[in-house]
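[1] predicted model follows, preceded by the sequence.
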Amino acid sequence: MRYNERVTTLTTREAFKRLRDAANGIDRALAVDRGSVRWRDTPVPGVLFGLALGAAHALMFMPSGDIAGPDWGDRLPGRIEAARRYLLGFPRPPR
């Protein structure tokens, strides 16, 4: 997000905490990979992170407005729910 022409960033720790808490609020089986959480400023500010649901794993991107904007607490759960639906679409591993 832009504030006085500067990109406001979260610490990696705070970004992980927000992602983890939102994921746990949606589905306790959703796991955020702590080591994959990275802030990036360009070309679009936001957070890269790994998300897993069972055997399904994906690298995700969360725009800064959804995790650090003024209404992030309202927006983040909806974005995590959409990521959960995406992961549910992965094929199941063979038995």
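    Looks like it arrived, so ask away. Residues are numbered from 1 along each chain as shown.
[2] output the lowest mean pLDDT helix or strand found in this structure.
    Lowest by mean pLDDT, DSSP states H and E among the helices and strands of the chain is strand 2-3, with a mean of 44.
[3] now do the longest strand belonging to the chain, average pLDDT.
    If you go by DSSP state E, the chain has its longest strand at strand 30-40. When pLDDT is averaged over strand 30-40, the result is 96.
[4] buried sites along the next helix or strand after it?
    Per DSSP states H and E, the first helix or strand lying C-terminal to strand 30-40 is strand 46-53. Using 16 or more other Cβ atoms under 10 Å as the test for burial, strand 46-53 gives Gly46, Val47, Phe49, Gly50, Leu51, Ala52, Leu53. Bear in mind the C-beta positions are built from the backbone N, C-alpha and C, glycine included.
[5] turn those into a markdown table, including distance to Thr12 and pLDDT.
    Formatted as a markdown table, the buried residues of strand 46-53 follow (distance: Cβ to Cβ, whole Å; pLDDT from 0 to 100):
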| residue | distance to Thr12 | pLDDT |
| --- | --- | --- |
| Gly46 | 13 | 94 |
| Val47 | 9 | 96 |
| Phe49 | 10 | 98 |
| Gly50 | 13 | 98 |
| Leu51 | 16 | 97 |
| Ala52 | 18 | 96 |
| Leu53 | 22 | 95 |
